[in-house]
Every structure is written in structure tokens, then in C-alpha cells.
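Asker: Have a look at this prediction, sequence included:
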Amino acid sequence: MSIVKIKDKRSGVTYVYEQGKSVWDPVKKQARSRRVLIGKVDPVSGETVPTKGWGKRRVQGPGESDIKDWRAEIRSLRQEIDALRQECSTLRIQVAELLDGKPSGR
């Protein structure tokens with residue numbers, strides 16, 4: 001993803017966008033880029049001034065509480081992955097025993 005500055009010819013205001021991946025438009029048979037407005041460029045200082053909504057959140061980034069929530073979610077998902085891997089290995093052993101004709105350890 002990249003940052004793109006586009007100047008509006010009518011108003012003279014320069015807008016700052018976050019450019020995402022291009023998406024194929026099958027109707028027009030052309031690639032279309034997806035952009036999200038971040039804010040405007042302040043003509044005096046040259047800094048990006050966030051607009052209301054998504055732009056502010058993108059410029060500031062996630063808060064500390066969001067990061068803690070993500071960490072807890074990641075920890076939970078890793079535990080679930082470990083449990084599923086254990087179950088998968090147990091099932092592989094049981095399938096191998098069934099294919100070999102050996103009785104299982106039950």
C-alpha cells in the first residue's frame with residue numbers, strides 16, 4: 001500500500017489517499033485502483049491534516065487496548081491450533097493402525 005497525493009484542480013486542495021491493490025473491472029475491462037481518503041495537505045505547513053472518520057484512525061494507528069485485545073486473540077488461536085495439531089496426529093495414528101489391521105490402543 002502506498003500514499004498518494006492528488007490535487008483537485010477546481011479547489012486547489014491536495015488530498016492524501018492510501019492506495020490499495022488494483023481491482024480488475026470486468027465491465028470496462030480495465031484495472032481500477034481502490035483508494036481510501038486519509039486527509040488534506042495543509043498549504044501552510046505541508047503536513048497531512050486527517051479528515052473525519054477513517055483517516056484519523058489510519059494516521060494514528062491502533063490504540064494500546066486494541067493491541068492487547070489482538071494479543072489475547074492471537075494467544076487463544078495459537079492454543080486452539082496446538083490442540084488441533086494434537087488431535088490430527090492422534091487421528092493419523094488411528095488411521096494408520098486401521099489400515100495396517102492392528103487393533104487400536106483402546
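Answerer: Sure thing, it's come through.
Asker: Is it correct that I3 falls within a strand?
Answerer: Yes. Under DSSP: H, G, I helix; E, B strand; the rest coil, I3 sits within a strand.
Asker: Now do it against V16, distance only.
Answerer: 6 Å (C-beta to C-beta, to the nearest Å). From N, CA and C alone the C-beta is placed, and that goes for glycine too.
Asker: Which of the two has more residues huddled nearby?
Answerer: V16 (21 against 10; other C-beta atoms under 10 Å).
Asker: Direction included, what does the helix or strand encompassing the more buried one pair up with?
Answerer: If you go by DSSP states H and E, V16 is part of strand 14-25. Here strand 14-25 is paired, per DSSP bridges, with strand 2-7 (antiparallel), strand 30-41 (antiparallel).
Asker: Out of these, which is closest to Q94?
Answerer: With C-beta to C-beta as the measure, strand 30-41 is the member of the strands paired with strand 14-25 nearest Q94 (47.7 Å).
Asker: Look at V4 and say how many residues are nearby.
Answerer: Number of residues near V4 (other C-beta under 10 Å) recorded here: 13.
Asker: From G20, how far out is it?
Answerer: Taking C-beta to C-beta, one finds V4 at 10 Å from G20.
Asker: now stretch 82-101, how far from the chain's geometric center?
Answerer: Stretch 82-101 sits 34 Å away from the centroid of its parent chain (C-alpha atoms, centre = their mean, to the nearest Å).
Asker: Between V4 and G20, which contacts overlap?
Answerer: Common neighbours of V4 and G20, using C-beta atoms under 8 Å, 6 or more residues apart in numbering, are R35.
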